[in-house]
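Asks: I'd like to go over a predicted model; first the sequence, then the structure.
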Amino acid sequence: MLKAVLSIALVLSTTSMAGAQTITKPDEIASRLRFWVQDPGEPVYYGEVRNVDPRSMRVMGHYQCLALAFIRYEGGVFQYAHKMWAKSRDGSCHYEDVTSLKVGNHGACVRDTNAGFGRAVGTARMTKNNIDYMRSIFRTIDTNARRVGETRACVPPNGVGAGLHSIKIENGRFKVMTNRPLDYEVNIEAQDPQRPPTSPVF
């Protein structure tokens, strides 16, 4: 009996340590994510963008709700699609009711049906039917150049973006902090965008 209890305790301890592990190496981070070019589904990660104190780089309060899809990864560069929108009147992010809201910064060169540039009203649902992921020019998290944002291919001659302060998986969240500064965080558990979360993600 004692052996069984000790075995269970060891398993729970190991699981807890793995969940608390901080991963910062790009290749290892990529190995934990699901990418549209490799996945028959359309995995989407939900969370929010937060403000960051520019002096201390400490994460502050809410900025926008966030849906994020990883498109592909190669040589330290993540390509991603994302959409941002404001909280609802009840003060929370509603991921299941976003098609009538104003979509924020969703990428200048993403071929996206029913969503104009800038703060246009349109769908915030991240699906392969909605986003032409094979022919769009996506934003990147370039861990080599330490840049996040639009590429030169999208906005010549130099692209538009911010410096990459940090990228990691920590406590069940994928986190990217830019020196704009903003903090992008999503739950590491990918969801089906046809059935998005109906309760707070964090």
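Replies: Thanks, I have the structure now. Numbering: from 1, shown residues only.

Asks: give the bridge partners for the residue positioned nearest the centre of the chain, please.
Replies: Geometric centre of the chain, nearest residue: Leu68, 3.9 Å, by CA atoms, centre = their mean. With DSSP bridges as the criterion, Leu68 is bridged to Tyr45, His82.

Asks: so what's it up against?
Replies: 44-47, 80-82, 126, 174, 184, 186 (CB atoms under 8 Å, 6 or more residues apart in numbering). For glycine as for every other residue, the C-beta is placed from the backbone atoms N, C-alpha and C.

Asks: check Val201 too.
Replies: 46-48, 93, 95, 186-187.

Asks: spatially nearest residue to Pro196 (excluding sequence neighbours)?
Replies: Of all residues not flanking Pro196 in the chain, Tyr95 sits nearest, at 4.1 Å (CB to CB, 6 or more residues apart in numbering).

Asks: so which strand or helix has that neighbour?
Replies: Using DSSP states H and E, Tyr95 sits within no helix or strand.

Asks: now for it, how many residues are close by?
Replies: Tyr95 has 23 neighbours, counted by other CB atoms under 10 Å.

Asks: and the contacts of Leu68 as a markdown table, adding distance to Met60?
Replies: Compiled in a markdown table, those are given as follows (distance: CB to CB, whole Å):
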| residue | distance to Met60 |
| --- | --- |
| Val44 | 25 |
| Tyr45 | 21 |
| Tyr46 | 20 |
| Gly47 | 15 |
| Tyr80 | 23 |
| Ala81 | 26 |
| His82 | 20 |
| Met126 | 26 |
| Phe174 | 19 |
| Tyr184 | 14 |
| Val186 | 18 |
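
Asks: neighbours of the spatially closest residue to Ser88 that is not a sequence neighbour, how many?
Replies: Counting by CB to CB, 6+ apart, His94 is the residue found nearest to Ser88 once chain neighbours are left out, at 4.7 Å. By other CB under 10 Å, 19 other residues sit near His94.

Asks: quick one, what contacts Glu42?
Replies: By CB under 8 Å, 6+ apart, Glu42 lies in contact with 36, 69, 126-128, 192-193.

Asks: from the residues you listed, which ones fall inside strands?
Replies: Judged by DSSP state E, those include Ala69 as members of strands.
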